[in-house]
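Novice: Just the structure for this:
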Amino acid sequence: MAANSIKLLAGNSHPELANLVSEKLGIPLCKVKVSRYANMETAVTIGESVRDEDVFILQTGSDSVNDHLMELLIMINACKTASARRITCVIPSFPYARQDKKDKSRAPITAKLMANMLQTAGCNHVITMDLHASQIQGFFDVPVDNLYAEPSVIRYIKENIDYSNAVIVSPDAGGAKRAAALADRLDLNFALIHKERPRPNEISRMVLVGDVRNKICILVDDMADTCGTLAKAAETLTQHNAESVIALVTHGILSGNAIERINSSKLTKVVCTNTVPLGDKMKVCPKLAIIDISATLAEAIRRLHNGESVSYLFTHAP
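Specialist: I've put the predicted structure just below:
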């Protein structure tokens, strides 16, 4: 297969990331016109031939998730009916990933519905990053490559934090595995915060397990949505005499009044990757910083296209 037969398409969810990936691959973005009718229906026109090409569609689950999801499904289907050889969806932040299990009666497993919709539309392969629950890969009947932000995060810690006096902290029991893996890679101690929730997005009390006295606490989580957990965790750690608290998050969704919450919290810094667009949030929140993961996505696309192994990227940041 010729090296130039990658076709990179992007929806409207994250044009900056699409441009960064296209630069790193040295391939221009395919001409795609995504517009809306007056009644808000999505219309997609693909401006060049994709017949028998290896197509990669980049779309992330950011604000107005449902519009971007419909955009993605219609783009996949447009490529399928235009006889693309293979259609790979690059979805850095997988939408509806939190609805991955039936945790109460009559609860839908929406992440499985997502998998069904993508496959029905014609998707042959999925690349995503730091899935909320890695079991979601099993909802698909097509291959799913779940990349990790961890190598990029480790690089950031080594370059920007004096981590000899640090401790890795998980803000909840669910993220213990992620935090423990990071602590192992950096040879650091690990602490855990146990939280009790009366209902979703609300936290009653937090109990710290581990010693953080006079340490730089590095809070790690896969997503920061309303930032309630992070703010409360930072407060708990400060009460236990932590020197400072830095949060490292893969998906900085930051919805609602998350920015005000960060600004008024005990967090020294909140570092997110650019899997979701932060827009002008950086201007209003001096505590925000970004880790660019476009190189990891670009390298995954290149390796997949050339039939090389992607597992190198699980431990190395390109």
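
Novice: so what's residue 253 scoring on pLDDT?
Specialist: Here the pLDDT value assigned to residue 253 is 93.

Novice: Count residues in the vicinity of the closest residue in space to it that isn't next to it in sequence, would you?
Specialist: Distances taken as CB to CB, 6 or more residues apart in numbering place residue 225 nearest to residue 253, at 4.6 Å, with adjacent residues excluded. Where you see a C-beta, it was placed from the backbone N, CA and C, and this is true even at glycine. Look at residue 225: counted by other CB atoms under 10 Å, it has 18 neighbours.

Novice: so what's residue 225 up against?
Specialist: For residue 225, the contacting residues are 201, 253, 254, 255, 256, 258, by CB atoms under 8 Å, 6 or more residues apart in numbering.

Novice: any chance of those in CSV, plus neighbour count and distance to residue 269?
Specialist: Formatted as CSV, these follow (neighbours: other CB atoms under 10 Å; distance: CB to CB, whole Å):
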residue, neighbour count, distance to residue 269
201, 10, 23
253, 21, 18
254, 25, 14
255, 12, 20
256, 13, 20
258, 21, 15
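
Novice: ok, so of the residues you listed, who is nearest residue 56?
Specialist: Ranked by distance to residue 56 (CB to CB), the contacts of residue 225 are led by residue 253 at 23.5 Å.

Novice: Flag every buried residue along stretch 36-43.
Specialist: Using 16 or more other CB atoms under 10 Å as the test for burial, stretch 36-43 gives residue 42.

Novice: Can you tell me what sits against that stretch?
Specialist: Here stretch 36-43 makes contact (CB under 8 Å, 6+ apart) with 33, 34, 35, 67, 70, 71, 74.

Novice: Assumed residue 45 was part of a strand.
Specialist: Yes - secondary structure of residue 45 (DSSP: H, G, I helix; E, B strand; the rest coil): part of a strand.

Novice: So in terms of bridging, what pairs with it?
Specialist: Legend: beta-bridge partners of residue 45 under DSSP bridges are residue 33.
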